[in-house]
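Asks: here are the coordinates; sequence isn't available:
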Ligand code: BJW
Ligand code: ZN
């Protein structure tokens, strides 16, 4: 792509997106792995998306865990270790500002990420659709504990003796009780749905884009490149979220709208 064309496109699209946000009474935001890429965390798909030759679809399933729990735990322990160095980036910070400007009644942040970076940045209410990397859950007694980023064994066990698993949502599993319903409600009652850093191929999260469209909300996409969702969005902002989100939020009035 010709770089000047690229810049022009973003420069045209940014004020249009800001106008959509300004006009919205309620805003919902959904983030994906791309928002944490500039914090040094790998995304799932695309360049660098493989882990030791495994696709995420092959390690993030209950079948994979039953077949080879030590392999799956090595994958998660490595990612938990990477969290130690990871800090929120300007994209996370911009979403904190957006929440502050709109207030909790008018703003909902939904994330597919399991990395805690929105909270670390200062976002107050975060709906985690796919769980959390620092938590573990016992496969026996179901007790949930936050173990931070401490190094865990390849076969970590609960005090009850059963094997622990990461408290995340794998393929073929249901999303956490209540969180999905609350997210779907927020999207069904928003006027603007901002979707950032997701390939939009994993359901039911990606289906929230259709929910937004069904209720007549405008959809804004922020991504390095067009995605599965791009044909269904009103404004596409193509660039790094750590740069695009701060520029977008800067275009909004500072006082409460
Ligand atoms: C940047 C950037 C920068 C980079 N700036 N942008 C057929 C149709 C419909 C559904 C299905 C189907 N077949 C199967 C299903 C269901 C399945 C599914 O969706 N599969 C698809 C692969 C088709 N879904 C499920 O199974 C879900 N559960 C479910 O449906 O329950 C009902 C049910 C119950 C019982 C039986 C059957 C059904 C659960 C899905 C759970 C997903 N879990 C994971 C792992 C979480 C734990 C962990 O972290 O390990 O969630 S998979 C992985 O994908 C993770 C992510 O949250 C999720 C989405 O990925 P994301 O965030 O979009 O990342 P990427 O890497 O894909 O994209 C990054 C993007 O960022 C790219 O676009 C880049 O361009 C961009 N980017 N740098 C801006 N700097
Ligand atoms: Zn237990």
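Replies: Great, that's in hand. Just so it is clear, the structure is predicted and the values come from calculations on it, not from any experiment. Ligands and ions are numbered 1, 2, ... in the order given.
Asks: Can you give me the pLDDT of residue 177?
Replies: Here, the pLDDT recorded for residue 177 equals 84.
Asks: which residues sit in contact with it?
Replies: Shown in contact with residue 177 (Cβ atoms under 8 Å, 6 or more residues apart in numbering): no residues. C-beta here means a position set from N, CA and C on the backbone, and glycine is covered the same way.
Asks: I'd like to know how far it sits from ligand 1.
Replies: 13 Å (Cβ to the nearest ligand atom, to the nearest Å).
Asks: quick thing: my sequence starts at 112, can you match it?
Replies: From this message on, residue numbering opens at 112, which makes the last subject residue 288.
Asks: which element is that residue on?
Replies: Counting by DSSP states H and E, no helix or strand carries residue 288.
Asks: Just the pLDDT for residue 165.
Replies: So, for residue 165, pLDDT stands at 84.
Asks: for ligand 1, what are the nearby residues on this structure?
Replies: 143-145, 148-149, 154-157, 160, 167, 171, 223, 225, 241, 279-285, 308-310, 312-315, 334-336, 338, 351-352 (Cβ under 6 Å from any ligand atom).
Asks: Now do the helices in the stretch 212-361 of the chain.
Replies: All helices of the stretch 212-361 of the chain, identified by DSSP state H, counting those that start in this stretch, fall at 228-232, 290-299, 318-325, 352-361.
Asks: what comes up buried for the first one?
Replies: Using 16 or more other Cβ atoms under 10 Å as the test for burial, helix 228-232 gives 228, 229, 230, 232.
Asks: Enumerate every residue touching the second one.
Replies: In this case it means residue 229. 142, 199, 203, 206, 220, 222, 237.
Asks: What distance do you get for the third one to residue 140?
Replies: Read that as residue 203. 11 Å (Cβ to Cβ, to the nearest Å).
Asks: other SSEs contacting the longest helix along the chain?
Replies: Counting by DSSP state H, the longest helix found in the chain is helix 114-134. Under the contact definition 3 or more Cβ pairs under 8 Å, 6 or more residues apart in numbering; DSSP states H and E, helix 114-134 sits against strand 303-307, strand 329-334, strand 346-349, helix 352-361.
Asks: Can you list the buried residues in it?
Replies: 121, 124, 125, 128, 129, 131, 132.
Asks: and which of the residues you listed is nearest ligand 2?
Replies: For those, the residue nearest ligand 2 by Cβ to the ion is residue 132; the value is 45.4 Å.
Asks: Report the contact partners of residue 120.
Replies: residue 349.
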